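Undergrad: structure for the following, please:
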Amino acid sequence: MLGKDDEIRILQSIGELIRHLRESKEMSQHDLSIEADIPKNQIGRIERAEINTTVITLHKIASALNVDVASLVNPHSNQT
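TA: Below you'll find the predicted structure:
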């Protein structure tokens, strides 16, 4: 069973990876929000690990970043 600290670490890891991928593609949060069709403030909240987003939203972000959604939740999958 995951503890609260484990959950926070997972959300931080996902948020940091999304930020890294977005910046490596020279995309702003605004650019990503347009490509993923989700609000810009939601991108920021995900990157800062302020919210636990849905799988559908992660799929939209992954598609906009041209990566497999699995690579967002398992950065060791070598699909980024």
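Undergrad: distance check, Ile51 against Asn66.
TA: 23 Å (C-beta to C-beta, to the nearest Å). Placement of C-beta: from N, CA and C, glycine included.
Undergrad: kindly report the same for Arg9.
TA: Here the distance between Arg9 and Asn66 works out to 26 Å (C-beta to C-beta).
Undergrad: using PDB, write out every CA atom in stretch 62-73.
TA: Extracted C-alpha coordinates of stretch 62-73, given in PDB (Å, rounded to 0.1, in the frame of the first residue of the first chain):
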ATOM      1  CA  ALA A  62       1.700  12.100 -23.900                       C
ATOM      2  CA  SER A  63       0.200  12.400 -27.400                       C
ATOM      3  CA  ALA A  64       1.000  16.100 -27.500                       C
ATOM      4  CA  LEU A  65       4.600  15.400 -26.500                       C
ATOM      5  CA  ASN A  66       4.800  12.500 -29.000                       C
ATOM      6  CA  VAL A  67       5.600   9.900 -26.300                       C
ATOM      7  CA  ASP A  68       3.800   6.800 -25.000                       C
ATOM      8  CA  VAL A  69       1.700   7.400 -21.900                       C
ATOM      9  CA  ALA A  70       3.600   4.500 -20.200                       C
ATOM     10  CA  SER A  71       6.800   6.600 -20.400                       C
ATOM     11  CA  LEU A  72       5.200   9.300 -18.200                       C
ATOM     12  CA  VAL A  73       4.400   6.900 -15.400                       C
END
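Undergrad: mean confidence for that stretch?
TA: Averaged across stretch 62-73, pLDDT comes to 95.
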